[in-house]
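*Asks:* A predicted structure for the sequence below; I have some questions about it.
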Amino acid sequence: MSNSISIKSKQPSEGNYVVHPKKFALWLFLISITMLFGAFTSAMIVRRADGNWQPFIIPLAFKITTLLAILSSGSMQFAYFSAKKDNIYNLRIALLITFLLGLGFVYGQWIGFEQLYKEGVFLSNNSASGSFFYVIVGAHALHIVGGIIFLLFAILSAFKWKIHSKNLLRINLCTTYWHFIGLLWLYLFAILNYFVK
């Protein structure tokens with residue numbers, strides 16, 4: 001009979017954390033993103049109140065990307081539910097759909113920027129409203145690109161059978177981030193639509 005405890009038994013398993021370190025890190029990152037965009041939108045509201053604000057109409061492309069964001073959030077949630085039920089086929093399909101919708105979102109935003117440029121709305125000192133729009137939407141688009149990369153790793157994991165009901169951490173993190181940036185876009189689109197006019 002031995003009183004020794006192996007090193008392996010002392011190491012906590014994934015389920016023994018109150019909050020998994022990766023989840024904690026993700027939530028800290030999401031809080032920092034919230035503060036960043038809170039600062040952006042607050043600065044825009046203050047600048048608009050100062051006067052000399054050049055209103056413009058937001059191109060249709062940005063409205064279409066809003067629909068894509070909502071649809072991609074739905075497909076991402078379906079992927080998560082599929083993983084919980086060990087339906088790997090549906091998981092893979094839903095992740096691929098979310099990936100394509102994410103690419104569509106970025107492409108749609110690019111088209112929207114091109115339309116703004118053609119309408120004479122630039123990122124310049126002479127157009128405060130345009131500058132805020134470009135900076136806020138551009139910064140969000142970068143976070144979407146990060147989400148697409150995150151999603152690509154989740155897709156690869158799903159095809160390697162590394163995401164299933166016994167291993168949900170990757171899909172949980174990906175779903176949380178994707179929903180967050182989707183909700184963030186809805187907030188940004190609503191506030192931009194109100195204040196740039």
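*Replies:* Structure received.

*Asks:* OK, contacts around T34?
*Replies:* Neighbouring residues of T34 by Cβ atoms under 8 Å, 6 or more residues apart in numbering: L184. Backbone N, C-alpha and C define where each C-beta goes, glycine included.

*Asks:* that one is in what secondary structure piece?
*Replies:* helix 21-49 (DSSP states H and E).

*Asks:* quick check: which element contains the residue nearest the centre of the chain?
*Replies:* Residue closest to the mean C-alpha point of the chain, counted by Cα atoms, centre = their mean, is I181 at 2.7 Å. Assigned by DSSP H and E, I181 falls within helix 169-195.

*Asks:* picking up where we left off before, just the mean pLDDT for the helix holding T34, thanks.
*Replies:* For helix 21-49, the mean per-residue pLDDT is 95.

*Asks:* ditto for stretch 53-72
*Replies:* 95.

*Asks:* before we move on, the earlier item: where does the residue nearest to the centre of the chain land on pLDDT?
*Replies:* Taking I181 on its own, its pLDDT is 97.

*Asks:* I figured it hits V145, correct?
*Replies:* No - using Cβ atoms under 8 Å, I181 makes no contact with V145, being 10.2 Å away.

*Asks:* tell me the buried residues in the helix holding I181?
*Replies:* 170-178, 180-182, 184-185, 188-189, 191-192, 195 (16 or more other Cβ atoms under 10 Å).

*Asks:* likewise stretch 113-120?
*Replies:* F113, Q115, L116.

*Asks:* quick check: closest non-adjacent residue to S127.
*Replies:* Closest residue to S127 apart from its sequence neighbours, by Cβ to Cβ, 6 or more residues apart in numbering: Q54 at 5.4 Å.

*Asks:* tell me how far the spatially closest residue to T41 that is not a sequence neighbour lies from F150.
*Replies:* Nearest residue to T41, sequence neighbours excluded (Cβ to Cβ, 6+ apart): I191, at 5.5 Å. Separation of I191 from F150 (Cβ to Cβ, to the nearest Å): 25 Å.

*Asks:* cool, and H179?
*Replies:* For H179 relative to F150 (Cβ to Cβ), the value is 12 Å.

*Asks:* do G104 as well
*Replies:* 17 Å.

*Asks:* please apply the same query to L30.
*Replies:* Taking Cβ to Cβ, one finds L30 at 13 Å from F150.

*Asks:* any common contacting residues for those two?
*Replies:* Any residue near both L30 and F150 by Cβ under 8 Å, 6+ apart counts here, and that gives Y177.

*Asks:* and A25, how many neighbours?
*Replies:* The burial count assigned to A25 is 12, neighbours taken as other Cβ atoms under 10 Å.
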